[in-house]
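Novice: no sequence on this one, just coordinates:
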């Protein structure tokens, strides 16, 4: 029960890692404010938490700063404080084209959600944490932000930006005892990665999923949520500015040309 009497905002909470994180933090005692652009999906996540007094949810486009500002203000009005922010929401854009063929509009959409959504929530939640002189922010980046081959150009660039944002904001907020870290998931089966898993199963190559990482398997959302919970908790009280891969050892090994699918 590391999060008793604490309040956490979790974006992208309608599915995948965001939903797993919401259930993990709520299970450890947190009151949770759940955000997702899919209002029906985030309502489903909220319904999975038995104590209705400790859960709040909203459908939200996190790329709209004014809506994010209002959301954070409403969470503070409801719960009185904000102790944890999990910037998990993200999109892949489905674009794996080479840079010579790239669609600028897709780039702008991905950056608006993956980086500016995190910027908006950090901006307003960190003001509350600053006044409290305590707080923890955990951003969901990706192994795609660490090295090439794990995502399209725009997605990878956005996740590299999330890692850098983690470092710069950790420097900004440290004097107020607000910690900022990131997780970098590898291949995890979520709604975003569903097409990868579906193609592998259709081709009878399911056994190849995760074969390039040292654990020889894909990960589960709950495994990432466990690391997010650690970084958000007082167990990580002297950890800030770090980007921790949760990838089964994928980034520990050499990626050779043509190895990544």
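Specialist: Thanks, I have it. Since this is a predicted model, take the numbers as computed values, not measurements. Numbering: from 1, shown residues only.

Novice: which residues touch the residue nearest the centre of the chain?
Specialist: Compute the mean C-alpha point of the chain, and by Cα atoms, centre = their mean the closest residue is residue 88, 2.2 Å away. In this structure, residue 88 makes contact with 10, 11, 12, 13, 17, 18, 21, 140, 228, judged by Cβ atoms under 8 Å, 6 or more residues apart in numbering. In short, each C-beta sits where N, CA and C put it, glycine included.

Novice: my guess is the last one contacts residue 22. True?
Specialist: Pointing back at residue 228 there. No - here residue 228 lies out of contact with residue 22, judged by Cβ atoms under 8 Å, at a distance of 10.3 Å.

Novice: returning to what we had before: quick check: the residue nearest to the centre of the chain vs residue 8, distance?
Specialist: 11 Å (Cβ to Cβ, to the nearest Å).

Novice: quick one, what contacts residue 117?
Specialist: Listed by Cβ under 8 Å, 6+ apart, the contact set of residue 117 reads 11, 62, 63, 68, 87, 89, 90.

Novice: got the phi/psi numbers for it?
Specialist: Backbone geometry at residue 117, expressed as degrees, to the nearest 10, gives phi -60, psi -40.

Novice: got it, and residue 148?
Specialist: With angles defined as degrees, to the nearest 10, residue 148 sits at phi -80, psi 160.

Novice: tell me what the closest residue to residue 46 other than its chain neighbours is bridged to.
Specialist: Setting aside the residues directly before and after it, residue 46 is nearest to residue 57 in space (Cβ to Cβ, 6 or more residues apart in numbering), at 4.3 Å. Beta-bridge partners for residue 57, by DSSP bridges, are residue 34.

Novice: what about the strands in the stretch 1-150 of the chain?
Specialist: 7-11, 31-36, 55-59, 84-87, 135-140 (DSSP state E, counting those that start in this stretch).

Novice: check the offset of the first one from the chain's centre.
Specialist: It stands for strand 7-11. Relative to its parent chain, strand 7-11 has a centroid offset of 11 Å by Cα atoms, centre = their mean, to the nearest Å.

Novice: now the shortest one
Specialist: For strand 84-87, the distance from its own C-alpha centre to the chain's C-alpha centre is 8 Å (Cα atoms, centre = their mean).

Novice: burial of the residue nearest to residue 46, as a residue count?
Specialist: 23 (other Cβ atoms under 10 Å).

Novice: most surrounded residue in the contacts of residue 88?
Specialist: Neighbour-wise, the contacts of residue 88 (other Cβ under 10 Å) top out at residue 10, 35 neighbours.

Novice: burial measure for the closest residue to that residue other than its chain neighbours, as a count.
Specialist: Excluding its sequence neighbours, the residue lying closest to residue 10 (Cβ to Cβ, 6+ apart) is residue 86, at 4.4 Å. Other residues lying near residue 86 total 30 when counted by other Cβ under 10 Å.

Novice: so where's the protein uncertain?
Specialist: 191-203, 205-211, 254-261 (pLDDT under 70).

Novice: how about the helices in it?
Specialist: For the chain, the helices defined by DSSP state H cover 16-27, 39-47, 65-79, 104-114, 116-132, 153-173, 194-202, 221-232.

Novice: tell me how far the fifth one lies from the chain's centre.
Specialist: Just to be clear, that refers to helix 116-132. Remark: helix 116-132 is offset 15 Å from the chain centroid, using Cα atoms, centre = their mean.

Novice: with the fourth one instead?
Specialist: Average the C-alpha atoms of helix 104-114, do the same for its chain, and the two points are 17 Å apart (Cα atoms, centre = their mean).

Novice: and the angle for it with helix 153-173?
Specialist: Between helix 104-114 and helix 153-173, the angle comes out at 30 degrees (axes from the mean of the first three to the mean of the last three Cα atoms, to 10 degrees).

Novice: try the fifth one
Specialist: Relative orientation of helix 116-132 and helix 153-173, computed by the same axes, to 10 degrees: 10 degrees.
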